[in-house]
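Asker: Dropping the sequence and predicted coords here.
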Amino acid sequence: MKFNFTIFGIIPSLKNDMQFNRKTGSVYHKKDGVRKYKQDFAYQVPAEYKLNIDKPVRVSLNIFKRDNRKDGCNLSGCVYDALQYSGVIKNDRKIVERHEYDFVSKECPRCEIFVEVL
């Protein structure tokens, strides 16, 4: 099974948003950017693709950023988490093959996502 869809918006970086709680040992997002992106992502995913896939998958990302200041590797982690949060895949550890491509689009930042169940 193969499918693809596009998510519009600016992807926040996970790397610069994580905070470690020394008392509890937990990791959390210190800003609301990632949380809001995941909610927006889930809203934009077509209902027919919220399959909660529990099999190994191949994911290809075409990330269109506003500029080249952010590293695509940090952005892709947020997209993989959002795929799990939105119910497309059951766990992002099921992504066994990843392809990530970065582009610049000042007018329309977005992420084109291609998913294939292996």
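Answerer: Cool, the structure landed.

Asker: Could you grab the helix/strand/coil label for the residue sitting furthest away from the middle of the chain?
Answerer: Ranked by distance from the centre of the chain (CA atoms, centre = their mean), the top residue is residue 23, with 29.0 Å. Using DSSP: H, G, I helix; E, B strand; the rest coil, the structure places residue 23 in coil.

Asker: the helices in this structure, which residues?
Answerer: 33-44, 72-85 (DSSP state H).

Asker: Please work out which of those helices is packed deepest.
Answerer: helix 72-85 (a mean of 19; mean count of other CB atoms under 10 Å). All C-beta spots, glycine's among them, are computed from the backbone N, C-alpha and C.

Asker: Taking helix 33-44 as reference, get the angle to that one.
Answerer: Using axes from the mean of the first three to the mean of the last three CA atoms, to 10 degrees, one finds that helix 72-85 and helix 33-44 are set 50 degrees apart in direction.

Asker: Tell me which residue lies nearest the centroid of this protein.
Answerer: Most central in the chain (CA atoms, centre = their mean) works out to residue 79, at 0.5 Å.
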